[in-house]
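# A predicted structure for the sequence below; I have some questions about it.
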Number of protein chains: 2
Amino acid sequence: MKGLELFNLIKDDLMTVEKELAKIVKTHDPLLTETSAHLLKAGGKRLRPAFALVAGKTYNYNPQKLIPLAMALELIHMASLVHDDVIDDSYTRRGIPTVKANWGDQVSIYTGTYLFAQSLALIARVGNPTVSRILADISVKMCEGEIQQIVTSYDIRQTVKDYFFRIRRKTALLISASCELGAVACGAPEYHVKALARYGYYLGMAFQITDDILDFTASQRELGKPVGSDLRQGIITLPVIYAMQLATGRDRLIEIIKKKDKKEGEVLEAVNITRKSGAIEKAFDVSDRYLEKAKSQIRYLPPGQATESLGLIADFIGKRKF
Amino acid sequence: MKGLELFNLIKDDLMTVEKELAKIVKTHDPLLTETSAHLLKAGGKRLRPAFALVAGKTYNYNPQKLIPLAMALELIHMASLVHDDVIDDSYTRRGIPTVKANWGDQVSIYTGTYLFAQSLALIARVGNPTVSRILADISVKMCEGEIQQIVTSYDIRQTVKDYFFRIRRKTALLISASCELGAVACGAPEYHVKALARYGYYLGMAFQITDDILDFTASQRELGKPVGSDLRQGIITLPVIYAMQLATGRDRLIEIIKKKDKKEGEVLEAVNITRKSGAIEKAFDVSDRYLEKAKSQIRYLPPGQATESLGLIADFIGKRKF
């Protein structure tokens, strides 16, 4: 992420996480090693490891425990991305071909499951039953979120509540766990752990809302994938839900959303209706409210550089352009 | 499995496992609940839970620890079946439509991952790091086996060694872990645990070889799926590897195996060439040798009904018709 300088505090250990990830995905099987290495090289913000490490810095920082945790969090995230790309039929992510694009659906399914299993093998080695339990529970909920996305795709009757249900499971819970478990791994007391869990949850909600907004407002170059790709796949996000309530051209918008085989011009037309409707601004307001809630948790944490960083990260997400 | 009377010793707890599985797959999401319930109702031998329970009976039987373990083992197995059906493009299993057939690939991918995550959530609650670690490691290896199957499909150059590599990962390791962890959960000593792990491993190898033989020798009604389905999908099993070495009609057999779009008559022709080649008998010999090895582990276990059952199960698998 641009603005990674916010994570300066944990830069060295984040590089260790990167190196160790490259090691751990190496296996007997040359193909799984290749697909996993491709995914790692394709980059990503490493947001979840970074949050775990910064959370650890708010207490008695313990890299021996934090680094395997940070790796496990990133592996779960990567696993979900590989499966998502199969489900969403995506051929590029961050401007780079997906595993699906290069190796097909079958290999992608097992690459995802493999990374997930590797993550849990790593966590099992950390040997903290609380960490294992929380991550396994979140993995269950992530699947629920993905299934709900499949079930509700192209369904214009879905509500803001349905949307929140989904992004909570798809994104916010894992970011929340990253902050929470970073503190757990360092032996922080209950109130401290809970404040970080709430911080991560609110921040994760804001992060996903922003992501969904950017699908309408950013350029293809900035996104590393085509604009309006959610819409194209029938995934109805907050800006669209609002636009269906607000927009002049509401009927035309609904007509396009429901079409399974949209023309490129139609996708852009729907993007424009949404942009002009005031829905983007309304969605930004919701995101800002979540960021405020995230920041309000900071008062429960001990003052210092790490705590300050958490505040700055929230500010940064509010200004995120891509 | 016909012959489940061999598992009489643990019948009541096996029924508890069944009931608890039906409970645990219920989730917020109606679709995931439905697909999981469909899978459960489609049946199966519940071989892995049964082995864990019988293994427990060879020591200080502890149902409180064994039942969650048995459930977790079956959930991992079910998860792998759902993903397999997507990969293998299978529409029926045990004579019943697959999740793929009823709900499609997307839903199947998440149903599989969901069951896998549920399994690990259950194990995390058992709170034994050894159990968590062994199951996570085996899940990694199961993915390696599946990937190898994809990579080597239609490839006539694969060897008996490649085949053993694959079935070890696809089948034997989880059956081995079922026996091993059943003993671990009951606090059995190291030599006892290891003997059961080896017993399960050898038995699992024999079980998969027999399964692969039955794909050639059983009827569609017995199999609950079409005869020769491995061959149809390009999966080259032990009987075929031997038939390519032995058979009159070897060239024709190879020609058919390599075809991606086989006619039904061609599949049956290849099945017949294999049947007549002596390969089936040779594969049975290998299976019998594994069963002997399995039985040779029994001397390390305390005498009694449970240990006796393990011997009978090995005999039964040798006579298995479907």
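Okay, I see it.
# residues near residue A:27, how many?
Residue A:27: 17 surrounding residues under other C-beta atoms under 10 Å in any protein chain shown. C-beta coordinates here come from the backbone N, C-alpha and C atoms, glycine included.
# next one: the one 3 residues further on
Look at residue A:30: counted by other C-beta under 10 Å, it has 12 neighbours.
# now swap in residue A:132 and tell me
Residue A:132 has 26 neighbours, counted by other C-beta under 10 Å.
# show the contacting residues for it.
Counting by C-beta atoms under 8 Å, 6 or more residues apart in numbering or on different chains, residue A:132 makes contact with A:120, A:123, A:124, A:126, B:120, B:123, B:124, B:132.
# kindly state the pLDDT recorded for it?
If you check residue A:132, the pLDDT there is 87.
# helix, strand or coil for the closest residue to it other than its chain neighbours?
Once flanking residues are discounted, residue A:132 sits nearest to residue B:124: 3.9 Å by C-beta to C-beta, 6 or more residues apart in numbering or on different chains. Secondary structure, DSSP: H, G, I helix; E, B strand; the rest coil: residue B:124 is helix.
# got a list of what residue B:124 touches?
A:129, A:132, A:133, A:135, A:136, A:137, B:132.
# ok, now with 6 Å
Contacts for residue B:124 (C-beta atoms under 6 Å, 6 or more residues apart in numbering or on different chains) come out as A:132, A:133, A:136.
# which helix or strand contains the second one?
Spelled out, that is residue A:133. Using DSSP states H and E, residue A:133 sits within helix A:129-152.
# lowest-pLDDT helix or strand in chain A?
Least confident helix or strand, chain A: helix A:220-223 with a mean of 74, by mean pLDDT, DSSP states H and E.
# for the next helix or strand after that one, which helices and strands make contact with it?
Per DSSP H and E, helix A:220-223 leads on to helix A:229-232 as the next helix or strand towards the C-terminus. Applying 3 or more C-beta pairs under 6 Å, 6 or more residues apart in numbering or on different chains; DSSP states H and E, we find helix A:229-232 packed against helix A:264-276.
# may I see the buried residues of the helix it packs on?
A:266, A:267, A:269, A:270, A:271, A:273, A:274 (16 or more other C-beta atoms under 10 Å in any protein chain shown).
# same deal with stretch A:129-144?
A:129, A:131-144.
# then stretch A:243-259?
A:243, A:244, A:246, A:247, A:249, A:253, A:254, A:256, A:257.
# can you pull the contacts of the last one?
Yep, that's residue A:257 we're talking about. Going by C-beta under 6 Å, 6+ apart, the list of residues near residue A:257 reads residue A:156.
# list the contacts for the residue most central in space within chain A?
The centre of chain A sits closest to residue A:171, judged by C-alpha atoms, centre = their mean, with a distance of 4.5 Å. Contacts for residue A:171 (C-beta under 6 Å, 6+ apart) come out as A:204, A:208.
# list the buried residues of stretch A:7-27.
A:7, A:9, A:10, A:13, A:14, A:16, A:17, A:21, A:24, A:25, A:27.
# which among these are in contact with chain B?
Among the buried residues of stretch A:7-27, no residue is within reach of chain B (C-beta under 6 Å from any C-beta of the partner chain).
# could these go into JSON lines alongside pLDDT, distance to residue B:204 and secondary structure?
Listed next are these as JSON lines, based on pLDDT from 0 to 100; distance: C-beta to C-beta, whole Å; DSSP: H, G, I helix; E, B strand; the rest coil:
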{"residue": "A:7", "pLDDT": "78", "distance to residue B:204": "46", "secondary structure": "helix"}
{"residue": "A:9", "pLDDT": "87", "distance to residue B:204": "49", "secondary structure": "helix"}
{"residue": "A:10", "pLDDT": "91", "distance to residue B:204": "44", "secondary structure": "helix"}
{"residue": "A:13", "pLDDT": "95", "distance to residue B:204": "41", "secondary structure": "helix"}
{"residue": "A:14", "pLDDT": "93", "distance to residue B:204": "41", "secondary structure": "helix"}
{"residue": "A:16", "pLDDT": "96", "distance to residue B:204": "38", "secondary structure": "helix"}
{"residue": "A:17", "pLDDT": "95", "distance to residue B:204": "36", "secondary structure": "helix"}
{"residue": "A:21", "pLDDT": "94", "distance to residue B:204": "32", "secondary structure": "helix"}
{"residue": "A:24", "pLDDT": "89", "distance to residue B:204": "27", "secondary structure": "helix"}
{"residue": "A:25", "pLDDT": "86", "distance to residue B:204": "27", "secondary structure": "coil"}
{"residue": "A:27", "pLDDT": "81", "distance to residue B:204": "21", "secondary structure": "coil"}
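# tell me which two of those sit farthest apart.
Using C-beta to C-beta, the two most remote members of the buried residues of stretch A:7-27 are A:9 and A:27, lying 32.7 Å apart.
# from the buried residues of stretch A:129-144, which is closest to residue A:163?
Set against residue A:163, the nearest of the buried residues of stretch A:129-144 by C-beta to C-beta is residue A:144 (14.3 Å).
# how about that closest one, nearest residue that isn't a chain neighbour?
residue B:29 (4.7 Å).
# that neighbour - how many residues pack around it?
With other C-beta under 10 Å as criterion, residue B:29 counts 23.
# before we move on, what about residue A:289?
By other C-beta under 10 Å, 14 other residues sit near residue A:289.
# helix or strand: which one has it?
Judged by DSSP H and E, residue A:289 forms part of helix A:279-296.
# sorry, back to before: redo the buried residues of stretch A:7-27 as CSV? Include distance to residue B:235.
Below are the buried residues of stretch A:7-27 laid out as CSV (distance: C-beta to C-beta, whole Å):
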residue, distance to residue B:235
A:7, 47
A:9, 51
A:10, 47
A:13, 44
A:14, 43
A:16, 41
A:17, 38
A:21, 32
A:24, 29
A:25, 26
A:27, 21
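# pick the one among those closest to residue A:50.
Scanning the buried residues of stretch A:7-27 for proximity to residue A:50, where the rule is C-beta to C-beta, the winner is residue A:7, at 4.7 Å.
# wouldn't residue A:108 be in contact with residue A:86 here?
Yes. Judged on C-beta atoms under 6 Å, residue A:108 makes contact with residue A:86 at a distance of 4.8 Å.
# joint contacts of the two?
The contact lists of residue A:108 and residue A:86 share residue A:100, where a contact means C-beta under 6 Å, 6+ apart.
# up against chain B, what does chain A have?
Residues of chain A lying near chain B (C-beta under 6 Å from any C-beta): A:28-29, A:31-32, A:83, A:87, A:106, A:109-110, A:113-114, A:117-118, A:120-121, A:124, A:127, A:129, A:132-133, A:136-137, A:139-140, A:143-144, A:146-147, A:150-151.
# let's see it at 7 Å
Within chain A, the positions near chain B by C-beta under 7 Å from any C-beta of the partner chain are A:27-29, A:31-32, A:83, A:86-87, A:106-107, A:109-110, A:113-114, A:116-118, A:120-121, A:124-125, A:127, A:129, A:132-133, A:136-137, A:139-140, A:143-144, A:146-148, A:150-151.
# ramachandran angles for the residue in the stretch 201-322 of chain A that chain B sits nearest to?
When scored by C-beta to the nearest C-beta, the stretch 201-322 of chain A has residue A:233 as its residue closest to chain B, at 11.1 Å. Dihedral pair for residue A:233: phi -90, psi 10, per degrees, to the nearest 10.
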